[in-house]
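K.L.:
please find the sequence and the predicted model below.
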Amino acid sequence: MYRVIKYVNKNIYKSITAEETAEHFGYSKWYFCDAFKRYTGQTFVEYVRTMRMQYAAIDILNGEKILDVALAYGYDTQSGFNKAFIKQFGCYPMEYRKNAKEAQMRYEERKMSMYMLSDRCAILRDKVLTRDMDFTRKIALQRTYHYAKGCLQEGKTSISEIYGAGLANVILNSTPIITEGELLVGYNYGDHGYEGFVPFSNQEETMKIMAAMGLNDEEVEWFRANAGSYLRNCDLDTSYYAREGKEWALSMEVSAVGRCVTFNHSVIGYEEVVKYGFEGLLERVRKYKEINGDTPFYRGIEKVCLAAMQFGDRYADEAERMAQSATDESWANDLKKVAAVCRRVPKYPAQTFHEAAQSLLFAHIFNTWEDGINANSLGRLDQILYPYYKNDIEKGILTKEEAFELICCLWIKLYRDYDVQQSCVGGIKPDGTDAVNELSFMMLDATESLGFVRCLSVRYSPNTDRAFLRRALEVVGHVQKGVPFFFNDDVLIPALVRRGISLEDARDYTQIGCVETVIPGKSNPHAVSGITNILKALEYVFNHGYSIRYPELHCGTDFGDPIAFDYKTLKENVFAQMDEMLEATCHMLTMDMKPPRTNDYKPIKSLLTQGCLESGRDFNDEGATYDYYQMMLCGIPNLADSLIAIKKLVFEENRYTLAQVIDAVKNDFPDEAMRQDMLNKAPKFGNDIPEVDDLAAEIMDFCCDRLEFYSEKYGHPFHPQPFTFLDMILHGRNTAASPDGRKAGEPIAYSVSPMQGRDFNGFTALINSLCALPTIKAPGSTSAIVEVDPKLFCDANLDYFVDIMLSAAKRGLCNVQFNTVDADTLIDAQKHPDKYNNLAVRVSGFSQKFNLLEKDLQNHIIGRTKHAAI
Amino acid sequence: MQQSSPYIMQILRTSFHDGDGLRTVVYFKGCPLKCIWCHNPEGQRVGYDVFYYEHKCIKCGRCLKACKNHTVKDDKMVFDRDNCTMCGKCAKECPSGALTLCGNNMSPEELFAVIKRDKDYYDRTGGGVTFSGGEALLYSDYLAHVMEKCKLEGIRIAVESAMYVDKTAIEKLLPYVNDWMVDIKHMDDQIHRRLTGKGNKRILENIEYLAKQAPKYGATVLARTPLIPGCNDDMENLSKTAQFAFACKTRGLQLLKYNNLGQVKYTQLGGEILFDGKPQANEHIVSLCNELNTNLSEGFVFFKP
C-alpha cells in the first residue's frame, strides 16, 4: 500500500482513477478500494482530492496564478477549484495567499521542528497496519510452550527456580525473527488477538496449547500437578469470600467489591539493563547471594540473567546469516549494524543510542514474557534514552533524523506487539528541574507522524514549558485518538509524598498501562488490584443489606427501614456502607497476600526492582522498596448525583417521597417521567455547581481517608485511585437503577468523568468540577475523559487549551484524556439524544447544545463535521 | 426611570468568540429593536419565554394537568401560546426539559459568582466577560453593579450592543467597559425603521458619543454590521457605514456573515419566521472588505470567516 501511495502522489497532476491504479498494481478494483480505505482512512477519491489540494496550496504559496493552478489540477473553472479549496482549507485561495507569508513561516517552522517519516518507517508502518507481520499460530504459541517446557525440565526444585527456568527457556529457545527494514529487533510472539499470550488465566486452554505444541500426556499431567499454583485462575475466581457473616462475591460479575490482576505488571528498571547489561546485573545478583545466602530466589534470577546474556548473540547470528543472503545492499548493511548492536546488548552496557533502544526493547520483551500481561509499561523513555542520544549527537555518530527513525521503529514495535503499554514524556527530574528534552518532542513527533501509539502520557505542571504542552495538545488534535494523556505533577508528586514515598522518587513517577502511578524500578504497585463500586452502597442501604440486582446476595448491613430516613441519616448510612465495602476490599487483598499466593514469583521483575535483591525477597513477596496496592474507586459521580437528586426532589421540593424513590430504584423506574425528573431537575456533577461538586469531593475524601485508615490497620499501603478501568460497563451491569436517573444495568460513569451527557456548562465548568475533587489524596491518579469537539483543537484555539490546562493544573486537576468527537458520534447523538447532553456545537453566531437542535439542523452540523474531517 | 430586574437568557461559558481570549458571555433578554432576521428571537422580549423542543417530549401528559393551554391533538401536544402568561408552570412540571422556561432572574451577586468561576482562565488568556443580548444596556443599573464587582476582581469587560438606548446608560457604564462592540444595521433611517422597527438616529448619535468618550477610559469601540441579504449588503449602504465608522474613529468595522440557523428557534417559540435569505459567500464578503478599504485604511473593514 505504501507503494500505491507513492504512485498516487507521483501522478497527482494526472486525472487518476481507482480503476487504473488498481490495474497498475494488479488488484481487483473493489479489493483495492477497500484496502485503500482501510489503510488511509479515506476513499481513493477523497485521498486524491485532499492530496491535490495540498499540492495546489503549495503552488499558490509559491505565487502561481490561481487560475493556472486550478487548471493544472484538473479543474475547469476557478470557482470549482475555489469550492474544493474552501472545503479543505476553510478559506479562499486568495485569502490563503494573503496570509502567505505567515503560512510560509508556519510551514517552515513545522518542517524545521518536525521530522518526516522515513521510507523505511513508512513501509514498516504499512506492514504493521495491514498485519503483514503476523506470525503463524505455532510461532505465536512459542512462549507458552517453552515456558512450560522450561518449568518441566527444571523438575521439583523450588518454585523460584522453576519459574526462573521457565522464563530462561523461552529466552534461550524462542525463534529469532527479523523483519525486512527494521532496525530494532525482537518479538514477544503474541499476535493481535493475544492468542497464547495470557494462557495462565485459563488452565484448560493452556493444557490444550501445550498438547498441541508437542508435549505428551504424561508431561502435561506432570505440569498440571507441579506448577499448578502458577496456573491458578486468578482472574476468574468465582468463589465467595465470607466475612463477618456476609458474602462478598469475589467475582465482580455480581459484587461491589473485587480484585483484578494484582500480582503482575509494573514499570521495572529497564534503565539498569541499558546501563549495566545482564552481565553487570548477574554480578549484582551474585554479590547479594554472597551477602544473604544461596537461596532459590537468587538461583532463579541467575538462570534468567544467564539466558538473557546469550539472547543478543542469537539475534546477531540471525542478522549475519540474513546479511549474507540479502540481495539489497542497504538492507545487508542495516543487518550488519543490527548484528553489531545485538552482539553487545543486552549482555553489556549500551554505548550508543541505538544500543540503548535495543537493550531496552529486549528487557521489555523478557518482562512481558514473564507474566504475559500486555500492560507492562516502559516508563520515562525520554529520560532513559536521553544521555545516549546526547552523547551520540555530540560525538557526531548519530544524526537527529536517525534518532527519530529509531524512535519510530520502537513505536512500531510497541504497536505491533503490545496493547496498553505506556510510555511517558516530560515532567521533572528527581532533582526537581525540568525534564523536557529534545527526545520528549521527538517522541510526540513520532506519534503524530505514525498516526498511532497505543498509550503515551505527558507529565506537566503549571511550570511546564508552554511550547511542550502546546505541542502535546496539538498531537491530540492531529492524531485524534485521545493520545497523549495528561498528568499533573503538582498533584501526583505531593500525593505520593503524602503516602511515604521520598520526594526524589515521587518526582520520578510514571504510568503503567492505563493511568496507574508507579515509581519505575522501585515499586510493586499492584495495579488495578482492589476495586470498589461505591454506588452499590446506596443499593444495599435501600434493600436492608441485600443486593437488588441479585436478591440472594447478602453483602451489606441492614441499617433499618430506609423509608423512615431523613437526608442526614440516609447519607450517614450510605457512608457507613461505603466504609464497610472499602474494608472488605482491603481485607480481601490482605488475605490474597498470604501464602500460597506469594508463591507467584517473578524473577525478572525482582531483578529489576530496587529492594528485591537487597532483601532477598521476591517482587511479589514485598521485596520492592515501595509495595502498595492501588484501590480503584468506581461510581463517585453517580453516587453524588444520586444523593443530590434525593436531597433536592425528596427533602427540599417534596416532589417525591423516599419510599417512591426506593420503589423506582427497585423496579427500574417504571415511570419514565419520574426518571426524567431525577435526571433533569437536580444538579449534576461536572457543571461547576458547588453543591454537587462538593458532595462528590466529600465522598472521594471519605473513601481516601478510610483507605488510609485501613492501610494502618492491615499494614499495607492502599493507594486510592478513582478510576474505573473498563469496569464501568461491568459494574453498571450489576448495579440496580440509581436515583440519578440511571437505568438498571446501564454503565456507571467513567472514573470521575461526569456521567455521559450530564455536563452542559462548558469545558471550563467541567474542568472546575474535576478540580474540586481532593485529587491530592489519590496517589493512584484521579482519572477523567473529557470530550471535546475536534474543531476546538484547531491551531487558533490551541493556546487557550494550553492556558486552561496550566490554570487547571494549579488548582488540582490530576489526569485528563481528551476524546475528540467525530461525525459518527454526532450521528449516534441524534439517535440517543439524552446520552449526549454535553455535546454543544457552535451553530454560527451562537452555540447550542446538539440535542436541542432540530433534526435538519443536526444533519447540517453532521455534514459540517464530516466536512471538517476531510 | 426604574429599571426592571433583568432576565438572563443564557450564560455561555468557555466561548472562544465574542471578544478576546476565553470568555463567559451573558445574554440578557429584552431588546427595543425587532430585527426581522434576529437569530436570537428569545432575546427580544423582556420577561420569560417558553421553548418547546418537540423531540424531547416523552408525552407524559403532565403539562396538560398543569395548564389548560396544553392539549393533545393527533397524539401530539398542542400549545396554545395566545393565552400563555409565561407562568412557567408547564416547564416546572415537564420532566424531560421539552418545555423549558427561558429567562433567569439572578441577583448581581449571583451572576458575578458565575462569572468569577472562570477568572483564572480569563487571566491567562486575556479573556473576560461579555455582556450581550438582547440589549444588555437596558439594565445599566444592574450591569454597573456587576461590572463594579468585575472591575474590583480585575476581570476584563466587553459589551455587545445595538445602541438603541438612553445615553445615560452608556455614560453610566463607560468607566467599566474595556471593549465595546456596537452594531450598525443600516445607515438610512427609513430603511432601518422598516428592518428593525426603530429609526437609526439615536443609534448613530450614541455611537458617535461613545467613540468620542471611550478613549478617555482606555476603551476600544468596534463597529459591526451583520450582512443581511438584500437588506443592507448593498455597496452604497456599506460604504456609508464604513465611512461613518471610520469618521467616528472606531477601531474598525467587522462584517458579520448572515446565517439563517436561528430560524429553528422561531418554531420552538411558537412564532413565525419573518425573514429568509441565502448567506453570502465568504469570498464575496472578503471582496466587499477590500473594496470598502480602498478609500479607507487597509484592514479597517474586515471579516473573519
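P.N.:
Everything's here; your move. Numbers count the residues shown, from 1 in each chain, chains lettered A, B, ... in the order given.
K.L.:
show me which residues of the stretch 1-150 of chain B are close to chain A?
P.N.:
Counting by Cβ under 8 Å from any Cβ of the partner chain, the residues of the stretch 1-150 of chain B lying close to chain A are B:12-17, B:21-22, B:39-40, B:53, B:55-56, B:58, B:60, B:62, B:95-97, B:117-118, B:120-121, B:123-125. All C-beta spots, glycine's among them, are computed from the backbone N, C-alpha and C.
K.L.:
among these, name the buried ones.
P.N.:
B:12-16, B:21-22, B:39-40, B:53, B:56, B:60, B:62, B:95-97, B:117-118, B:120-121, B:123-125 (16 or more other Cβ atoms under 10 Å in any protein chain shown).
K.L.:
now, which of those lie within helices?
P.N.:
By the criterion of DSSP state H, membership of those in helices covers B:62, B:120-121, B:123-125.
K.L.:
so can I have CSV of the residues you listed showing pLDDT?
P.N.:
Formatted as CSV, these follow (pLDDT from 0 to 100):
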residue, pLDDT
B:R62, 94
B:D120, 91
B:Y121, 92
B:D123, 89
B:R124, 87
B:T125, 88
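K.L.:
strands along the stretch 751-870 of chain A, start to end?
P.N.:
A:783-788, A:815-820, A:840-842, A:847-849 (DSSP state E, counting those that start in this stretch).
K.L.:
show me the contact partners of stretch A:169-177.
P.N.:
The contact list for stretch A:169-177, computed with Cβ atoms under 8 Å, 6 or more residues apart in numbering or on different chains, reads A:135, A:139, A:142-143, A:146-147, A:149-151, A:153, A:185, A:187, A:189, A:304, A:307-308, A:310-311, A:314-315, A:317-318, A:366, A:369.
K.L.:
in it, what's buried?
P.N.:
A:169-172, A:174, A:176.
K.L.:
could you find the lowest-pLDDT member of those?
P.N.:
pLDDT is lowest at A:S174 among the buried residues of stretch A:169-177; the value there is 87.
K.L.:
that one and A:E154, how far apart?
P.N.:
According to Cβ to Cβ, to the nearest Å, A:S174 and A:E154 sit 17 Å apart.
K.L.:
repeat that for B:G133.
P.N.:
81 Å.
K.L.:
now swap in A:E787 and tell me
P.N.:
Taking Cβ to Cβ, one finds A:E787 at 52 Å from A:E154.
K.L.:
got it, and A:G560?
P.N.:
Taken as Cβ to Cβ, the span from A:G560 to A:E154 is 59 Å.
K.L.:
how near is A:R344 to chain B?
P.N.:
For A:R344, the distance to chain B equals 49 Å [Cβ to the nearest Cβ, to the nearest Å].
K.L.:
and stretch A:497-511, how far out from the chain middle?
P.N.:
Distance of stretch A:497-511 from the chain centroid (Cα atoms, centre = their mean, to the nearest Å) equals 21 Å.
K.L.:
ok, stretch A:79-97 next?
P.N.:
Relative to its chain's centre, stretch A:79-97 lies at 39 Å (Cα atoms, centre = their mean).
K.L.:
over to stretch A:493-502?
P.N.:
That offset, for stretch A:493-502, works out to 23 Å (Cα atoms, centre = their mean).
K.L.:
give me the contact list for that stretch.
P.N.:
A:428, A:503, A:505-507, A:509, A:517, A:519, A:626, A:628, A:708, A:711, A:717, A:719, A:775-779.
K.L.:
can I get that stretch in PDB, CA atoms only?
P.N.:
The C-alpha trace of stretch A:493-502 is given here as PDB (Å, rounded to 0.1, in the frame of the first residue of the first chain):
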ATOM      1  CA  ILE A 493       4.100  14.200  43.400                       C
ATOM      2  CA  PRO A 494       2.700  15.600  46.700                       C
ATOM      3  CA  ALA A 495       0.100  12.800  46.700                       C
ATOM      4  CA  LEU A 496       2.900  10.200  46.600                       C
ATOM      5  CA  VAL A 497       4.900  12.000  49.200                       C
ATOM      6  CA  ARG A 498       1.900  12.100  51.500                       C
ATOM      7  CA  ARG A 499       1.900   8.300  51.400                       C
ATOM      8  CA  GLY A 500       5.500   7.900  52.300                       C
ATOM      9  CA  ILE A 501       7.400   7.900  49.100                       C
ATOM     10  CA  SER A 502      10.600  10.000  49.100                       C
END
